[in-house]
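>>> here is the input, now give the coordinates:
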Amino acid sequence: VLITATVLDDKTREPISGAAIALFDDQGNKVVSKTTNEEGIAEFIVECDKDTELEVIKEGFESKKVPVKGVNEEENNVQISLDP
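Residues are numbered from 1 along each chain as shown. Below is the predicted model of the structure:
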């Protein structure tokens, strides 16, 4: 499953580039960490039907952890809004 995470500013709805997104497995282990691109997007490949969690960190914003329910589809789009 391709998880496409889009990170937005909660106030302006603008994409946030350069945010660190860490992917955790269902056991709470950090699997991989990526940085959002200019459109505020980072992509992860995970096994289908596996629950995961994304943690987003960006200086000047509150960090946020978001649970991602495991799906059996090709793509799973996740939108994450950060508070400044």
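>>> low-confidence ranges in the protein?
Scanning the chain with the threshold set as pLDDT under 70 gives no residue ranges.
>>> how about the helices in it?
Counting by DSSP state H, the chain has no helices at all.
>>> residues contacting the closest residue to residue 18 other than its chain neighbours?
Once flanking residues are discounted, residue 18 sits nearest to residue 35: 6.0 Å by C-beta to C-beta, 6 or more residues apart in numbering. For every residue, glycine as well, the C-beta is placed using N, CA and C. For residue 35, the contact set (C-beta atoms under 8 Å, 6 or more residues apart in numbering) comprises 18, 19, 20, 21, 42.
>>> show me the contacts for the fourth one.
Residues in contact with residue 21, defined by C-beta under 8 Å, 6+ apart, are 5, 7, 33, 34, 35, 36, 42, 44, 54, 55, 56, 57.
>>> residue 5 versus the last one, what's the distance?
Computed with C-beta to C-beta, to the nearest Å, the distance linking residue 57 and residue 5 is 13 Å.
>>> neighbour-wise, which of these two wins?
residue 5 (23 against 15; other C-beta atoms under 10 Å).
>>> isn't that one right up against residue 46?
No: taking C-beta atoms under 8 Å as the contact criterion, residue 5 and residue 46 are not neighbours in contact, 11.4 Å apart.
>>> before we move on, the earlier item: which of the contacts of residue 21 has the largest number of neighbours?
Neighbours here are counted as other C-beta under 10 Å. On that basis the top member of the contacts of residue 21 is residue 7, with 26 neighbours.
>>> for it, list each beta-bridge partner.
Using DSSP bridges, the beta-bridge partners of residue 7 come out as residue 80.
>>> surely it meets residue 83?
No: in terms of C-beta under 8 Å, residue 7 does not count as a neighbour of residue 83; the distance is 11.9 Å.
>>> strands along this protein, start to end?
Applying DSSP state E to the chain gives strands spanning 2-9, 20-24, 30-35, 41-45, 52-57, 64-68, 75-82.
>>> okay, angle between the fourth one and strand 2-9 too, please.
Right, the one you point to is strand 41-45. On the basis of axes from the mean of the first three to the mean of the last three C-alpha atoms, to 10 degrees, strand 41-45 is oriented at 160 degrees to strand 2-9.
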